[in-house]
Structure formats: structure tokens, C-alpha cells
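**Q** Pasting the sequence and the predicted model now:
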Amino acid sequence: MKRHIHREELFHYCDVHSNDGRTRFRGKCAEDPDVDNSACHHDDDCAKILGHAVGSGKLTGKCVNFNETVKTCEIQGWCPVELDSTKKVPMIGAENFTIFIKNSIRFPLFNFSKGNMLPSITTDYIRRCVFDAKADLFCPIFRLGNIIAEAGESLSALTRKGGVLGIRIEWKCNLDWSADNCVPRYTFHRMDKVSQTNNVSQGYNFRYARFYRNSSGTEYRTLLKAYGIRIDITVYGQTLSPSLQESSNGSSFIRLCHHHYRRAPIARVSSGFVTNTTGELQLLEFYHALPPISGT
């Protein structure tokens, strides 16, 4: 019986920018003309769409000047509103970034555990090796460009628009054989491929803000938009002993540059019953040393 064991995720920033470089304060201002139904001529036009869910803030019901020729409905929120018009400049050389992935599997019933960091691995080896499924299976260093290629994706498209990749690590072990035959199998794939057929919101990006307070006590913020590659890593495990099968407790810990970290509960199978527990989790080190990104 095969069970989902553990999942971690990381985010690699490929581009971070402020769309127009302007500082924003709380207040009232004209809505972005690109927002549906925001154009107006009189206050009555705006009164008709009060409570409209899409926009940059709460509508006030007034029609105000956006510029010398265009009028839009006024909103109350962070002003001026964001204009998503900044040209994206993807990170150069992102394919050469590396990820250190340390993962292990444990079958408590058989008192068996194994990881991708073999006892014979040395510091010098880690510094010079790069993972290769055929030539260097137990190297924990994964080159980002190789991950993208194995997933069959375009580096330029991912660094420009962002995307979500998945790394599946499967330990399928016959414990009647030597422990040397228990090895991980890695597969790489694009998880958000369906979104690439959309006309809008392709790739992967998100916004976040940095908040400040001036000498008079007024709060203001700078809004940033980040494009990048999110990588989800999932560890699976299964014994193939003829007498009894057991799903394992697997774990991985990852970090690439700035990352978003989430730990999922471990699924443990015992006598046919599935319970959630974190008691069997081994904390693993997974880190990646990268140069700082300007503005992050």
C-alpha cells in the first residue's frame, strides 16, 4: 500500500520589482481605468457599482479625474493605485543556481531507515558533485537548469512568467534484499501546466508589501511583485517485503534563496489503519546559498 508521506515547498525569486516605484499612503484616489466598470462621467455611474468586488479598494461612489482626459470611480485604500506596467527583467544565470536536498525514508516496523546522504559522502564531494540519475544518484546537489530540463520546460518562459515544478522522490525498497538496493527514484514535472493555456494569469507570481512610518507617524508602503519558480517536493515510500508491506515515514527539508516553508503531517499505516502523526519526523537540513537579490 502506497501513501503520500511528506511534502515541502520552496520559492526561487526570478524577478522582484515595484510596478511604478511610487510610495503609497492610505487615502482616496481614482481607480485604475483597466478595472472593469471603473470608467465614469458622473457620480451616478459610480453609485451603480457600489459593492463591486473587483478593484483596488472600497468604492466611495464618486467620479473623479484619473488624468486630464479620463475619469474613473474613486476608491478608498492604498493610493495611488497600482499600475501593472513595469517591464519584467528576469534573473540572468538562474539555471546555474543549485539546491541542496536532503531526504530520508524510515520503515519503523522493520527498524530500517536510509537517506540520500550516504555515510561515505564527504564535504569535498558535496562541493563538486551535481545530481545525475545515472551517474551520481546520491549527490544531494540539484542544478535548477537540470530540474527544468528534466520537467521538459523552457528556462526562459519560467524565469519570465514563473511556474510551479514538482519533484517526486520515491523509495521503493525490497527489504529481503541488501540495503544497497534501496535507492531513491526522482521524477520532475510541471504542476501548473494547465494554466499556460489561459489568456490571463499565466505562470506564478504574487505581491507583497513593505510598510514604513514617516516622522509624522503616517503609515505608508511600497508594493512589490515577485515572479519565480515554486518547487514542491514530495517523498513517497513503500516496502516490497513478500510477508508484509508498510508505508514509510519520509521527510525532506528544503531551502532555496528566500523560501516559503510548510510542513505536512506524516501518514503512518499500522494494521490497516491510517493515522496522522508527526512523531516519526526526522528534521532534515536542506539549504542553498545564493547571492542576495536587490530589493528583497
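**A** Received the coordinates, thanks.
**Q** low-scoring stretches of the chain, by residue?
**A** Residues of the chain meeting the criterion pLDDT under 70: 1-9, 17, 19-20, 53, 85-90, 241-296.
**Q** Could you rerun that using 80?
**A** 1-21, 51-54, 84-91, 194-201, 240-296 (pLDDT under 80).
**Q** what about the helices in it?
**A** Per DSSP state H, the chain carries helices over the ranges 43-47, 123-128, 144-150, 155-161.
**Q** Looking at those, which is nearest to residue 240?
**A** Among these, the nearest to residue 240 by Cβ to Cβ is helix 144-150 (25.5 Å). Yep, even glycine has a C-beta here, placed from its N, CA and C like the rest.
**Q** Could I get the contacting residues of residue 56?
**A** Neighbouring residues of residue 56 by Cβ atoms under 8 Å, 6 or more residues apart in numbering: 31, 32, 35, 75, 77, 78, 81, 82.
**Q** Tell me the bridge partners for the residue most central in space within the chain.
**A** Closest residue to the average C-alpha location of the chain: residue 230 at 3.0 Å, with Cα atoms, centre = their mean. Bridge pairing for residue 230 (DSSP bridges) gives the partners residue 11, residue 164.
**Q** residues contacting it?
**A** Per Cβ under 8 Å, 6+ apart, neighbours of residue 230: 9, 10, 11, 12, 162, 163, 164, 165, 204, 260.
**Q** Next, work out how far apart residue 41 and residue 64 are.
**A** 11 Å (Cβ to Cβ, to the nearest Å).
**Q** Over to residue 140?
**A** Taking Cβ to Cβ, one finds residue 140 at 58 Å from residue 64.
**Q** Would you mind telling me which of the two has the busier surroundings?
**A** Legend: neighbour count by other Cβ atoms under 10 Å for residue 140 and residue 64, higher for residue 140 (22 against 17).
**Q** related to what we said a few turns ago, buried ones among the contacts of residue 230?
**A** 9, 10, 11, 12, 162, 163, 164, 165, 204 (16 or more other Cβ atoms under 10 Å).
**Q** Now do the contacts for the nearest residue to residue 220 once chain neighbours are set aside.
**A** Spatial nearest neighbour of residue 220, excluding adjacent residues (Cβ to Cβ, 6 or more residues apart in numbering): residue 25 at 4.8 Å. Residue 25 makes contacts with 78, 79, 218, 219, 220, as judged by Cβ under 8 Å, 6+ apart.
**Q** repeat for residue 129
**A** So residue 129 contacts 136, 139, 141 (Cβ under 8 Å, 6+ apart).
**Q** ChimeraX command for the buried members of those residues?
**A** Only the buried members of these enter the following ChimeraX selection, criterion being 16+ other Cβ under 10 Å:
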select :139,141
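**Q** Nothing else from me, thank you.
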